[in-house]
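A.B. asks: With the sequence up front, the predicted model follows.
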Amino acid sequence: MTASELYTPPKPLSLWSVVALARVLWKGDGNLLELLPAAAYHFDVGNLGYSRRSTVLFNEPNAVREIMRDADGVFPKSDLMVSALEHLIGDSIFVTDGDRWKRQRAMIDPAFSHMRISHAFGAMKAAVDDHLLALQDKAASGEAFSLDLAMSHLTADIICRTVFSTPLQTGVAVDVFEDFTLFERSAVQVDVLRLIFKPAWSEFPQPPEVLAACERIRSHLGTLVDSHLNEPDAFDDIASSVIAARDQHTGAPFSREELIDQLGVFFLAGHETTASALTWAFYILADQPQWLARLREEIASVVGDAPMSFEHTRQLPLTKAFFKETLRLYPPITFMPRVAMREATVGGRRLRRGALVMIAPWTLQRHSKWWPDPHAFKPERFMPEHEEALVQGAYIPFGQGPHTCVGAGFAQTESVLILAELVRQFDWLLVPGQTVRPAARMTTRPADQVMLHVRHPAA
């Protein structure tokens, strides 16, 4: 396939730094992807514009690894990220560092063991089966629907069932989902002028409606936690595993507030990040139906007409490669910001205290030095026979090192299941006339909802 024949899905228009800043300020939507200059896809390390606190982007895998490992505790998670999330998930694993993070991670890891993923598969499958029934109704009516909302609803249902043994349709779960949607749209909007002119560790107040949504979410999560605390032998799910976790030194469990923090992370990260990636995956399938045919052929050869099983999800190399390439081009966590607690030097670049140290899977995974045809969609990169050629450390959609996402295996199993089941039963058709562009908010999402139809494949 020649370069002119390669498929390049939607990406931001790369401009000079000053022009990119002017565009973002004019639009006022805080989309940091459109703030990235063209050079950000080519340099190893460079400044992202000019600001009072200094923002430095690292694209060199060894430097990224050093920052993410943070052996000396110099680069904790950014104050910007903490201030956006602390009202919702408190001092949870997603925002803590150092000894507190180590304690939490050691207690939580067993809940996501290999056996736990296989154990949770039945609940995943039940949620997908219910979603298939809803899609059958849409196929019969020809109704157009929001791909973004459909994927969010499906992954939130899976998280409710696997974490709390509660389908999304129950009242508490629906309320939590709706408030999470409000939070995602409002809490992490970036005020670019504030980012430029305010020093490190400045207050970034959240809107009153966001604070109210956080209170409601935590109240609902508390209700779900209490249902497990009051009947500890009645559940066998992720929440019960986290409740049973003990500090390896003191033997103490998580407190009720800590349980709300940690399980809030599972709900937030567990449904929103996967929904983001699946939205892009099904958009690409609708835009490039030849991939729909290729995946359907693999799924038919492995699964046939049988129900999908956990083992089937491990036997679909092209489907897994398709999802990995989607994660490369559209990493759910667009940026992983850190802050320099003191002056430091990384990769030959001196950083001053308070500098915003930006790790961006978005640019690292589209970097011209590490990826041939970096913006093109080529799942073959991730087929088993080609993976050895990948540059180590240039693909980090789930983080890296000790901070690798605790739910990475869960998310990959869930996503392959969803892709396989929905691909083999439906064609995906975009509503004409849409302009799709990516936006970096809490996750990498289309700036506007993608509308499509589904229909049953022709016999």
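C.D. replies: That came through fine.
A.B. asks: buried set for stretch 125-138?
C.D. replies: In terms of neighbour count (16 or more other Cβ atoms under 10 Å), stretch 125-138 has its buried residues at K125, A127, V128, H131, L135, K138. The way it works is simple: take the backbone N, C-alpha and C, and place the C-beta from them, glycine included.
A.B. asks: ok, these vs Q365, which is closest?
C.D. replies: Within the buried residues of stretch 125-138, distances to Q365 taken as Cβ to Cβ reach their minimum at V128, with 27.6 Å.
A.B. asks: can I assume that closest one is in contact with E421?
C.D. replies: Yes: counting by Cβ atoms under 8 Å, V128 does reach E421; the two are 5.2 Å apart.
A.B. asks: who touches both of those two?
C.D. replies: Taking Cβ atoms under 8 Å, 6 or more residues apart in numbering as the criterion, V128 and E421 both touch M308.
A.B. asks: Quick one: mark the members of the buried residues of stretch 125-138 that sit in helices.
C.D. replies: Within the buried residues of stretch 125-138, membership in helices is found for K125, A127, V128, H131, L135, K138, as judged by DSSP state H.
A.B. asks: ok, the nearest residue in space to the fourth one that is not next to it in sequence - contacts?
C.D. replies: Nearest residue to H131, sequence neighbours excluded (Cβ to Cβ, 6 or more residues apart in numbering): L154, at 4.8 Å. Taking Cβ under 8 Å, 6+ apart, we find L154 in contact with A127, V128, H131, A275, L278, I418.
A.B. asks: hmm, 7 Å instead?
C.D. replies: Under the criterion of Cβ atoms under 7 Å, 6 or more residues apart in numbering, the contact list for L154 reads A127, H131, I418.
A.B. asks: Quick check: buried residues in stretch 220-240?
C.D. replies: By 16+ other Cβ under 10 Å, the buried positions in stretch 220-240 come out as H220, L221, G222, L224, V225, S227, H228, F235, D237, I238, A239, S240.
A.B. asks: rewinding a little: now the contacts of L154 as TSV including distance to L259 and pLDDT?
C.D. replies: Conversion of the contacts of L154 to TSV gives the following (distance: Cβ to Cβ, whole Å; pLDDT from 0 to 100):
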residue	distance to L259	pLDDT
A127	23	95
H131	28	96
I418	28	98
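A.B. asks: What is the nearest of the residues you listed to R342?
C.D. replies: Ranking the contacts of L154 by separation from R342, with Cβ to Cβ as the measure, puts I418 on top at 44.3 Å.
A.B. asks: biggest separation within the buried residues of stretch 220-240, which pair?
C.D. replies: Checking the buried residues of stretch 220-240 with Cβ to Cβ, the most distant pair is H220 and S240, at 18.1 Å.
A.B. asks: one step back: for the contacts of L154, give me a markdown table that also has distance to L149.
C.D. replies: Supplementary listing: those in a markdown table, determined by distance: Cβ to Cβ, whole Å:
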| residue | distance to L149 |
| --- | --- |
| A127 | 15 |
| H131 | 12 |
| I418 | 15 |
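A.B. asks: Name the helix or strand for S241, please.
C.D. replies: Secondary structure assigned from DSSP states H and E places S241 in helix 238-244.
A.B. asks: helices or strands next to that helix in the packing?
C.D. replies: Taking 3 or more Cβ pairs under 7 Å, 6 or more residues apart in numbering; DSSP states H and E as contact, the helices and strands that helix 238-244 lies on are helix 114-141, helix 147-164, helix 208-230, helix 256-287.
A.B. asks: Just confirm L168 contacts I159, I think it does.
C.D. replies: No: in this structure L168 lies outside contact range of I159 using Cβ atoms under 7 Å: 8.5 Å.
A.B. asks: hang on, the earlier thing: wait, which of the helices and strands packed on helix 238-244 is closest to H456?
C.D. replies: That would be, of the helices and strands packed on helix 238-244 and by Cβ to Cβ, helix 114-141, which comes in at 5.7 Å.
A.B. asks: tell me the angle of the closest one relative to helix 147-164?
C.D. replies: In this structure, helix 114-141 runs at an angle of 140 degrees to helix 147-164, with axes from the mean of the first three to the mean of the last three Cα atoms, to 10 degrees as the basis.
A.B. asks: Run the chain-centre distance for helix 114-141.
C.D. replies: Once both centres are worked out by Cα atoms, centre = their mean, to the nearest Å, helix 114-141 turns out to sit 20 Å from its chain's centre.
A.B. asks: Okay, now the unreliable bits of the stretch 251-400 of the chain?
C.D. replies: Counting by pLDDT under 70, the stretch 251-400 of the chain contains no low-confidence segment.
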